[in-house]
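Chemist: one predicted model, sequence on top.
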Amino acid sequence: MAIGASGSFPGFLFAVLSACEARELKALVICSLGSSMYGATRPGFTVVDMVREFQEQGVLSCRLLGYSLGGRNDRNEALLFPEWGPLVMAEARRLGGNCIMEPTLEASVAWCAELYEEAAGASGIACFVGIGGAGVTFGGGEEGACFPNGLTRRPFEEMPQKGLLRYYLERGIPVIHLLCVRKLCERWNIPYDANPFVWRKMRP
């Protein structure tokens, strides 16, 4: 199971990794340091730190293959706030390890795919899970935001032109896309933005 996750939805990432543990699936992870305002945005405790901490505690047996900078083109560009740029670079220097810093988005996609396939070995990649809005996952652009939530088994019209979701679909490998939270909640009848603490206070 190849997993590409931005820092925007750490809860989704660890739900997927927990499911992999429960089903005894081999989870191969590449993270992106980029995140939206309410993701893993604390310097010193990025999504990469979270994965490493769970590994060190023996909670997860996934393989963290590397991480990229995130942002547009996977190059730390066009962030929500300009001051985030130097912070992301500082975090990359602190984290060390395999930081993916390719010159173009296409090169970043190719390098991530090579890392996944090398780690998977002869068994190959059975499924790709894309979590969050990293450009390396869905390719960026408006069409990327329209990628269907959940499981997609085959290519379709108006797919994003770049990204790992398209890369694997074109090779006959199913993908799971986890991004548009409201739509996922509506599909599975889960309350959206429900605050359990407020709900308890309002109960008679």
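Modeler: Looks like it arrived, so ask away.

Chemist: give me the below-cutoff pLDDT ranges for this structure.
Modeler: Counting by pLDDT under 70, the chain contains low-confidence residues at 78-81, 140-146, 194-204.

Chemist: list the residues that contact the residue most central in space within the chain.
Modeler: Residue closest to the average C-alpha location in the chain (CA atoms, centre = their mean): residue 5, at 1.3 Å. Neighbouring residues of residue 5 by CB atoms under 8 Å, 6 or more residues apart in numbering: 12-13, 16, 29-32, 47, 130-132, 134. Quick note: C-beta positions are derived from backbone N, CA and C, even for glycine.

Chemist: same question for residue 178.
Modeler: 9, 12, 16, 129-132, 149-150, 184.

Chemist: bridging residues for it?
Modeler: Note on residue 178: beta-bridge partners by DSSP bridges are residue 131.

Chemist: buried ones in the lengthiest helix in the chain, by neighbour count?
Modeler: Using DSSP state H, we find that the single longest helix of the chain is helix 105-120. Buried residues in helix 105-120, defined by neighbour count with 16 or more other CB atoms under 10 Å: 105-106, 108-109, 111-113, 115-116, 120.

Chemist: same check on stretch 89-107?
Modeler: Of all the residues in stretch 89-107, those buried under the rule 16+ other CB under 10 Å are 91-92, 95, 99-100, 102, 105-106.
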